[in-house]
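A.B. asks: Give me a 3D structure for the following:
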Amino acid sequence: MLADGESISEIRRALRLDRKTVQRFARAESLDELLAKARNRGSLFDRFKPCLNERLDAGHTDAARLSEEITAMGYRGSDKTVRRYLHPFRATRPAQLLSIFSR
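C.D. replies: Numbering: from 1, shown residues only. Just a heads-up that it's a prediction; the model follows:
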C-alpha cells in the first residue's frame, strides 16, 4: 500500500490498525525482523508475576487486592490482566484444599 503511494494514515484507516502498528510494519525490512522483535518482547506484567506467585502461595487470591498491591509497586496495566493471570491458580485451589482435608 505504501508502494502504491498511500499514507500511513490511509493505510491505518483502511486496515483498522493502530498507527504505530502500521509504522512498525512499514519500517520492517523483512518478516523475520518483525517476528524476532515479537518473540523477544517481554510483557510489562512479567516483572510482577513472582510477587503474585508469592502472594498466591501465602493464600491470597483476591484479584482486586493483589492488583492494588502491584499497582502500588508500579504496575500500569489493567485489573483484567491480573484476573486472567490468577484464574488458573484460583480454579485449582479448591481441588488442592479438598485433597488436603480428605487425607
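A.B. asks: can we go C-alpha only for contacts and neighbour counts from here?
C.D. replies: Will do.
A.B. asks: Helices of the chain, start to end?
C.D. replies: In the chain, the helices defined using DSSP state H lie at 8-15, 19-27, 31-40, 49-57, 63-72, 79-101.
A.B. asks: same question for the fifth one, mean pLDDT?
C.D. replies: To tie it back to what came earlier, the one meant is helix 63-72. For helix 63-72, the mean per-residue pLDDT is 95.
A.B. asks: Over to the second one?
C.D. replies: Here the mean pLDDT over helix 19-27 is 89, rounded to a whole number.
A.B. asks: Not counting it itself, show me its contacts.
C.D. replies: Leu2, Ile8, Ser9, Ile11, Arg12, Leu34 (C-alpha atoms under 8 Å, 6 or more residues apart in numbering).
A.B. asks: how's this protein carved up into domains?
C.D. replies: 8-40, 46-101 (automatic domain parsing).
A.B. asks: Could you identify which of those is most buried?
C.D. replies: For the domains of the chain, the largest average neighbour count (mean count of other C-alpha atoms under 10 Å) is found in domain 46-101, namely a mean of 13.
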